[in-house]
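Participant: coordinates for the following, if possible.
(one chain, ligands or ions: 1)
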Amino acid sequence: MNVMVVGGAGYIGSHAVRLLLDAGHTVCVYDNLSLGHREAVPDGLLVEGELSDREKIVSTLRSERIDAVMHFAAFALVNESVNDPALYYRNNVVAALELLDAMREADVTKIVFSSTTATYGEPDVIPIPETTPQRPINPYGFTKLVIEQALADYAAAYGFSYAALRYFNAAGARPDGSIGEDHNPETHLIPIVLQVALGQRERITIFGDDYDTPDGTCIRDYIHIDDLGDAHLRALDRLEPGKGLCVNLGTGRGTSVREIVEACREVTGHPIPEVTGERRAGDPPRLIADATLAKEVLGWTPSYTDVKSIVETAWRWHHSHPQGYASRVKV
Ligand code: UFG
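Facilitator: Model prediction:
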C-alpha cells in the first residue's frame, strides 16, 4: 500500500515508518516538525506541512496516490492538556477533523488512528477491556475520544474504515539503536531514568510510593514501540469499508515504577539514585490492558515479554545518542 504517516517524524510514527518500509509498503511522512525530528525520517520521504492545511494534505494524498493514512500527529501530555486545553482541542480535534475531511475530498477512507488508555479515565476493572466505559478525566483523553467518535460516524456515513488503537505505555526503541525517544522536555519514566544513568540527571524522583500497589508505586503496562507498530500494520491489513476496530495495545502485564528503576539498574550497571516525591496529579495507581481482543482480531501478541528487554533497546538508543537526535550521530 501507499501509506501516508502523519506525524511520522515523532517517536511512535518514526518506528511505524520503519516497519512499514520493512514490510514493503511505500511511505510518505507528513509532519510539521514541531515535535518530530527531521533526522528520524529516512531520506526523501518527508513532506513538511501542517495538519490544518487541508489543501496541502489533499494534494499530497492525490500526488502520492495514498491508499491509507496512519495518524500519529497529536499532543499527548496530560498535564499540558489540563493547563492549555485550547492547544489540545485545536490540534487533536480541529486539525484532526481537517485531516479526515481532506481524506474525504481525496477519496481516501482508510485510517489507523492513535488513541489512548486516557480515554478510559479511572476504570473500575483492571485489566481494562475495550468494553470499559470511556470516561476521560482530562482534556487529552477527551480529544482522543472525540476523534474515536468522529471515526465511527464517518464510517457509518461516508464508508470510512478505521482502527482506533488505544495505547498503554509505549517504550523502548528500534533494536539497532538508530531511532528512539527524544522529547523536549522529557516527561516519560524510562528515558528520565536512563538520563540518570548517563549522568545527565542526579537522581530519579518517584512520584509517590503510597499507592495501593504491592510496592506503593504506580503500575503501568509498558509495550515495546515495535510491538505497537506491528499491531498498526496488522490493523491496516484488516480495515473493512464502513467498519471500525477499537483495540487496546498493551501486554497485559503491569510493572511498577520501582521495578522499572530496578530494570534500568540491571541493564545499565549504574546505581541510579532515587528519591520519593509527591504524587503527580492525575496519575491512576494502576493501568493494565486486557489485550485479548488484539490477539483475537489482529492475531497480535507482543514479542517483548519482559520489561528488561524493552529497557535494553531504550538504553542502546540513549547510550549511542546521549543528546537524542542532536547527538549528530548518523542514523
Ligand atoms: N514517573 C515517576 N517519575 C518521573 C516520571 C514518571 O515516578 O520522573 C511515574 C509516573 O508518575 C507514572 C509512571 O512513572 O506512574 C509512568 O509515567 P509516564 O509519564 O512515563 O507515563 P504515563 O503513564 O503518565 O503516560 C502515558 C503516556 C502518555 C499518555 C498517558 C495517558 O506516555 O503519553 O499515558 O494516560 F498521555
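
Participant: contact residues of the stretch 51-200 of the chain facing the ligand?
Facilitator: 76, 78, 116-118, 140, 169, 187-189, 192 (C-beta under 6 Å from any ligand atom). Backbone N, C-alpha and C define where each C-beta goes, glycine included.

Participant: got the contact list for His25?
Facilitator: 1-3 (C-beta atoms under 8 Å, 6 or more residues apart in numbering).

Participant: now those in JSON lines, with neighbour count?
Facilitator: Putting the contacts of His25 into JSON lines (neighbours: other C-beta atoms under 10 Å) gives the following:
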{"residue": "Met1", "neighbour count": "17"}
{"residue": "Asn2", "neighbour count": "14"}
{"residue": "Val3", "neighbour count": "26"}
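
Participant: quick one: which of these is nearest to the ligand?
Facilitator: Val3 (23.0 Å; C-beta to the nearest ligand atom).

Participant: using the three-state scheme, assign the closest one.
Facilitator: What DSSP: H, G, I helix; E, B strand; the rest coil gives for Val3 is strand.

Participant: ok, it touching Ala235?
Facilitator: No - if you go by C-beta atoms under 8 Å, Val3 and Ala235 don't touch, sitting 11.8 Å apart.

Participant: could you give the number of residues near Val193?
Facilitator: Neighbour count for Val193, taken as other C-beta atoms under 10 Å: 29.

Participant: next structured bit after the helix or strand containing it?
Facilitator: In this assignment (DSSP states H and E), Val193 forms part of helix 189-197. Next helix or strand after helix 189-197 toward the C-terminus (DSSP H and E): strand 204-207.

Participant: can the helix or strand just after that next one be said to contact the ligand?
Facilitator: For strand 204-207, the succeeding helix or strand toward the C-terminus, using DSSP H and E, is strand 219-220. Yes - judged by C-beta under 6 Å from any ligand atom, strand 219-220 comes into contact with the ligand through Arg220.

Participant: which helices and strands does strand 219-220 pack with?
Facilitator: Using 3 or more C-beta pairs under 8 Å, 6 or more residues apart in numbering; DSSP states H and E as the contact test, the elements touching strand 219-220 are strand 255-256.

Participant: in strands, which of the residues of the stretch 51-200 of the chain next to the ligand fall?
Facilitator: 116, 169 (DSSP state E).

Participant: buried only: go through the residues of the stretch 51-200 of the chain next to the ligand for me.
Facilitator: By neighbour count, with 16 or more other C-beta atoms under 10 Å, those hold 76, 78, 116-118, 140, 169, 188-189, 192 as buried.

Participant: and the nearest residue to Pro123 once chain neighbours are set aside, how far from the ligand?
Facilitator: Nearest residue to Pro123, sequence neighbours excluded (C-beta to C-beta, 6 or more residues apart in numbering): Thr132, at 4.8 Å. Look at Thr132 and the ligand: by C-beta to the nearest ligand atom, to the nearest Å, they are 14 Å apart.

Participant: neighbours of Thr132, how many?
Facilitator: Thr132: 19 neighbours (other C-beta under 10 Å).

Participant: what's near enough to touch it?
Facilitator: Counting by C-beta under 8 Å, 6+ apart, Thr132 has contacts 120, 123-125.

Participant: between these, which is closest to Ala294?
Facilitator: Within these, the smallest distance to Ala294 is 15.5 Å, found for Tyr120 (C-beta to C-beta).

Participant: my guess is the closest one contacts Asn138. True?
Facilitator: No - assessed by C-beta under 8 Å, Tyr120 is found out of contact with Asn138, at 11.6 Å.

Participant: more neighbours: those two, which one.
Facilitator: Shown here are Tyr120 and Asn138; by other C-beta under 10 Å, Tyr120 has more neighbours (24 against 19).

Participant: and that one, what pLDDT?
Facilitator: pLDDT, Tyr120: 97.

Participant: give me the pLDDT for Val331.
Facilitator: Val331 is given a pLDDT of 46.

Participant: same question for Asp53.
Facilitator: 95.

Participant: let's number from 47 now, not from 1
Facilitator: Fine by me, first position is 47 from now on; the one you just mentioned is Asp99.

Participant: Glu85 is in contact with Tyr371, isn't it?
Facilitator: Yes - using C-beta under 8 Å, Glu85 is in contact with Tyr371, at 4.3 Å.
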